[in-house]
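Trainee: I would like to see how this sequence folds:
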Amino acid sequence: MPLQTDVVPYSLTRLGVVMSPQEGDPLEAMGVLNPASGRGPDGTLYLLPRLVAVGNVSRVGLAEVVVEDGVPVGVERRGVVLEPDEGWERGANNAGVEDPRTTWVPWLGMHLMTYVAFGPLGPRLALAVSADLREWRRLGPVQFAYQPDLDTDLCMFPNKDAVFFPEPVPDPHGRPAFAMLHRPMWDLGWFREGETVHLPAGITDERPGIWISYVPVDEVVADIRALARPRDHRCIAMSEHPYEALKIGAGPPPMRVDEGWLLIHHGVTGEAPVGFDPTTQRVEYAAGAMLLDPDDPSLVLARTAKPILVPETDDERSGTVPNVVFPTAIEEVDGTTYVFYGMADSKIGVARLDHT
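Mentor: Residues are numbered from 1 along each chain as shown. So this is what the prediction gives:
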């Protein structure tokens, strides 16, 4: 199929806020945002929101989604399921388990959670698995296999925005594999004075883009911990359009559609100073969409030249980081698909996904 740069027949229609910080709860004092999602063993729909306490310390909560007339309208809190308990999730002046993304993989009978461990070396990817969304087993930090042709080691670099496909896909060798999208960042100067940007071989654009890595199915079946050791890394998408001028990253788990794999992603414009304090950023986050090849998801078939959701409401334009819509979860309710997204790093909104 030839590349159609802007033909992605899907749109988002915002429906409102589904979760706001609970007054008086110290764990939510700085916001609830960027949720994962999934269904429990009995079919109940849950969000797993990032809960931010004073000092920018994040935890992963569990919240049952309230549905009225087939539409998500709110949540009922069910506690905390992941905290920064491990040493690699805590630094001298920071801590957090941030921005979870969960993918239900029927092949494994497991929810796979990717999250950002904000530890001594900044944001690093980590994995956990669960059968019920309540009890999570850590698989540890992601250990990207060394790949000589990149002339670098991905384990050296901060990374974010990781999410798994819900079913096996062919890897570059034609083997069935579990694939993970992620977004490495190449500037090491923020934690080592005198260091600068270190680009992999073949990459000429220092802006963060979307990469894919794979783990063969047979290795995961033999040992679930293999999921934390992906290999065969390659960049699949870089910033191309004005709403992506600063960087792009993956959103919710890719969804299988007639045209291929639908990936809702985010694009960022503005100014983001070196470091990871979100309050210093002067940016705008918008949502776009891509279609990935069903037989080779490292190939982008189409992408939106204009965003499908931009910050417009007061809740999206005012918050910890103003002017942000950040999609992270996607679920079907009574035949309709909904996307849940962070609003200005403070609240959680929901939008309906439509085929246009």
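
Trainee: ok, which stretches of the stretch 51-200 of the chain are strands?
Mentor: Assigned by DSSP state E, counting those that start in this stretch, the stretch 51-200 of the chain shows strands spanning 57-68, 71-82, 97-105, 110-119, 122-130, 137-141, 159-164, 169-170, 176-184.

Trainee: could those strands go into a markdown table alongside mean pLDDT?
Mentor: Formatted as a markdown table, those follow (pLDDT from 0 to 100):
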| stretch | mean pLDDT |
| --- | --- |
| strand 57-68 | 98 |
| strand 71-82 | 98 |
| strand 97-105 | 98 |
| strand 110-119 | 97 |
| strand 122-130 | 95 |
| strand 137-141 | 98 |
| strand 159-164 | 97 |
| strand 169-170 | 98 |
| strand 176-184 | 98 |
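
Trainee: Now render the ones you listed as a markdown table, adding distance to residue 46.
Mentor: Every C-beta, even on glycine, is put in place using the N, C-alpha and C of the backbone. Formatted as a markdown table, the strands of the stretch 51-200 of the chain follow (distance: least, C-beta to C-beta, whole Å):
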| stretch | distance to residue 46 |
| --- | --- |
| strand 57-68 | 6 |
| strand 71-82 | 7 |
| strand 97-105 | 9 |
| strand 110-119 | 10 |
| strand 122-130 | 11 |
| strand 137-141 | 18 |
| strand 159-164 | 17 |
| strand 169-170 | 26 |
| strand 176-184 | 22 |
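
Trainee: what's the closest of the ones you listed to residue 222?
Mentor: With C-beta to C-beta as the criterion, residue 222 lies closest to strand 176-184 of the strands of the stretch 51-200 of the chain, at 12.8 Å.

Trainee: List the buried residues of that closest one.
Mentor: 177-184 (16 or more other C-beta atoms under 10 Å).

Trainee: who touches the longest helix along the chain?
Mentor: If you go by DSSP state H, the chain has its longest helix at helix 217-222. When contacts are defined by C-beta atoms under 8 Å, 6 or more residues apart in numbering, helix 217-222 is touched by residues 107-108, 168, 175-178, 226-227.

Trainee: what sits opposite residue 113 in the beta ladder?
Mentor: Beta-bridge partners of residue 113, counted by DSSP bridges, are residue 102, residue 128.

Trainee: contacting residues around it?
Mentor: Counting by C-beta under 8 Å, 6+ apart, residue 113 touches 36, 48, 60, 82, 100-102, 127-130, 136.

Trainee: ok, residue 95 to residue 348 distance?
Mentor: Residue 95 sits 22 Å away from residue 348, going by C-beta to C-beta, to the nearest Å.

Trainee: So the two - more neighbours on which side?
Mentor: Shown here are residue 95 and residue 348; by other C-beta atoms under 10 Å, residue 348 has more neighbours (27 against 22).
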